[in-house]
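Trainee: Sequence and predicted model, in that order:
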Amino acid sequence: MKLTVLIIGCGDIGITLGRELLSEGHRVIGMRRQADALQGSGIEPLTLDLNDLEGASASALPQADYVVYTVSADRFEESAYQSAYPEGMKRVLGVLEQHKTPPRRIFFVSSTSVYGQQEGEVVNEASPTESTSFSGNLMCEAEQALLNHSLPGTVVRFSGIYGPGRDRLIHQAAEGRIAAVTPVIYSNRIHRDDCTGILAHLIRYQESGNPLAELYLGSDCEPVTMHNVMAWLAKQLKVESTETMQSPLRRRTSKRCDNQRILSTGYQFRFPSYREGYAQVLKEGGFLPTQA
């Protein structure tokens, strides 16, 4: 059955998801402030700013079977996060609730930054969210805006996303930098293609008649210390690590994400760990040293 999927904030993840859905025969509409990036993608552009939805009527957004909210704040400031997440989500819900035929489900792409654990604890969907950062708190506020609404919603909390164009850690390792062994800082990550894979999978899962949970944690199958990831990257790049980074993360947390709930739906990770994922990024991005 051909579905119509509306992607709010159709950036890198949205475009990649859109292409996957198009390949399955669905119609995809991508909303973003500037539609140039959608040219040639097959995604129907909807040029609109979230602020334009304040008090808007039902016609401001098209009818859709599924809506995916994957907005990114344009800068790391509290006001930008406030606008992109809780305020933006509420504006979208205010329009969608006016539709005669509401969407079957709204997905919100959230973040594991809502967790504040710092001692390497295992976290899952039932773990308390006690973020000490404004970004995590505002993400959590947007989650609640969706889950407390009458429209059906599901939150997917992704951990650190990497992939094409998301290669900060590779560049740091290539420069000879490495995270300190102690204190032990656990990190969690997910390849961009697994982010989009999970979202497409959950749509298929519901369409097959399965009930969806309100919350899924999207992270690969191997939480790992920052030191070990960077040491592995250095080995692949054939560089010697000469500079220890005491604080490689902007917001220092240390937790281990448990992805059993998404695995229980039958999702199979394309990149189960950082090794498979970064191997692909290193190869496709031309980072690997040439053979002598």
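Mentor: Sure thing, it's come through. Numbers count the residues shown, from 1 in each chain.
Trainee: switch to C-alpha atoms for all contacts and neighbour counts from now on
Mentor: Noted.
Trainee: Regarding residue 149, what is its secondary structure?
Mentor: State at residue 149, reduced to three classes by DSSP: H, G, I helix; E, B strand; the rest coil: coil.
Trainee: Ok, residue 181 next?
Mentor: coil.
Trainee: how about it, what does it touch?
Mentor: residue 227 (C-alpha atoms under 8 Å, 6 or more residues apart in numbering).
Trainee: I'd like the distance between it and residue 238.
Mentor: 20 Å (C-alpha to C-alpha, to the nearest Å).
Trainee: again with residue 219
Mentor: 28 Å.
Trainee: And for residue 182, the neighbour number?
Mentor: Around residue 182 there are 9 other residues, counting by other C-alpha atoms under 10 Å.
Trainee: confidence score at it?
Mentor: Residue 182 is assigned a pLDDT of 88 by the prediction.
Trainee: Tell me which of residue 219 and residue 238 has more neighbours.
Mentor: residue 219 (29 against 14).
Trainee: ok, the more buried one - contacts?
Mentor: 158-160, 188-190, 257-259.
Trainee: let's see it at 6 Å
Mentor: 158-159, 189-190 (C-alpha atoms under 6 Å, 6 or more residues apart in numbering).
Trainee: Which phi and psi values does it adopt?
Mentor: Dihedral angles of residue 219 (phi, psi; degrees, to the nearest 10) stand at phi -150, psi 150.
Trainee: can you tell me how far it sits from residue 70?
Mentor: 16 Å.
Trainee: For the lowest-mean-pLDDT helix or strand in the chain, which outside residues touch it?
Mentor: Using mean pLDDT, DSSP states H and E, the weakest-scoring helix or strand in the chain turns out to be strand 243-245, at a mean of 87. With C-alpha under 6 Å, 6+ apart as the test, strand 243-245 has contacts from 177-180.
Trainee: Next: stretch 71-85.
Mentor: 9, 142.
Trainee: Stretch 160-171 now?
Mentor: In contact with stretch 160-171 (C-alpha under 6 Å, 6+ apart) are residues 189-192, 281.
Trainee: again, 10 Å this time
Mentor: For stretch 160-171, the external contacting residues (C-alpha atoms under 10 Å, 6 or more residues apart in numbering) are 12-13, 111-113, 174-175, 177-178, 187-195, 218-220, 226, 229-230, 233-234, 237, 248, 274, 277-278, 280-282, 284-285, 287.
Trainee: do stretch 284-292 as well
Mentor: 163-165, 167, 170-171, 174, 236-239, 278-283.
Trainee: buried subset of these?
Mentor: Neighbour counting over the contacts of stretch 284-292 (16 or more other C-alpha atoms under 10 Å) leaves 163, 170, 174, 236-237, 239, 278-282 as the buried ones.
Trainee: can you put the residues you listed in a markdown table and add distance to residue 101 and secondary structure?
Mentor: Below are those laid out as a markdown table (distance: C-alpha to C-alpha, whole Å; DSSP: H, G, I helix; E, B strand; the rest coil):
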| residue | distance to residue 101 | secondary structure |
| --- | --- | --- |
| 163 | 36 | strand |
| 170 | 46 | helix |
| 174 | 52 | helix |
| 236 | 52 | helix |
| 237 | 53 | helix |
| 239 | 57 | coil |
| 278 | 42 | helix |
| 279 | 44 | helix |
| 280 | 42 | helix |
| 281 | 41 | helix |
| 282 | 45 | helix |
